[in-house]
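Trainee: Show me the folded form of this:
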Amino acid sequence: MSLKDEIEKLIQAEQQKLDIQGQEDKERLRRAEKRFRPLAALLKEVASSVEKEFLETIILAGNAIVKVGKRENELFYDSIAWEVYPEPAVFGHQENGELGRILKEENGKASFIVNETTYYLEGMNQKSFTFETEQEVIEYFIKKISKEVAHQRRLKKL
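Mentor: I've put the predicted structure just below:
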């Protein structure tokens, strides 16, 4: 076998590994999107319950961004914002026994990560939370959104 043939054989083996990894990545993404759907529906319900003047949401297939603040003309100035998504893939042993990326799941369900950013005149503060269920995420959001919308309404009256 010539050097060229050996190199081509190695390239094809690597391409096959990449193809398999691509299929596995697509499957993980599909599972994450499926996991996120119930939360997305709840977020839409929350968003429809709050004035658009104070709340802006961007809900995608596998994550969402929720912002509370004030709308002035065409711009939205957020005082607090969250990004929420199913807990991402982590490194671990895959089904085939190899070390690689897997979706972190507990009892068949991944928990949710919420990254919170609060904006102040002098800067910002970032926190990250993990919630096990959609209900926990929604309860947290409702509490925080209610508090911030009340604050924004008060500021508007001044």
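Trainee: C-terminal to the helix or strand where R37 lies, what's the next element?
Mentor: Assessed by DSSP states H and E, R37 sits inside helix 3-48. As assigned by DSSP H and E, the chain's next helix or strand after helix 3-48 is strand 55-59.
Trainee: Looking at that following strand now, give me its mean pLDDT.
Mentor: For strand 55-59, the mean pLDDT works out to 95.
Trainee: still on that earlier bit, kindly provide the whole-number mean pLDDT of the helix holding R37.
Mentor: Helix 3-48 comes out at a mean pLDDT of 91.
Trainee: How far does it sit from its chain's centre?
Mentor: 16 Å (C-alpha atoms, centre = their mean, to the nearest Å).
Trainee: Tell me what angle it forms with strand 55-59.
Mentor: 150 degrees (axes from the mean of the first three to the mean of the last three C-alpha atoms, to 10 degrees).
Trainee: Which strands and helices lie in contact with helix 3-48?
Mentor: When contacts are defined as 3 or more C-beta pairs under 8 Å, 6 or more residues apart in numbering; DSSP states H and E, helix 3-48 packs onto strand 55-59, strand 64-72, strand 75-86, strand 99-103, helix 134-157. Placement of C-beta: from N, CA and C, glycine included.
Trainee: Alright, I will stop here.
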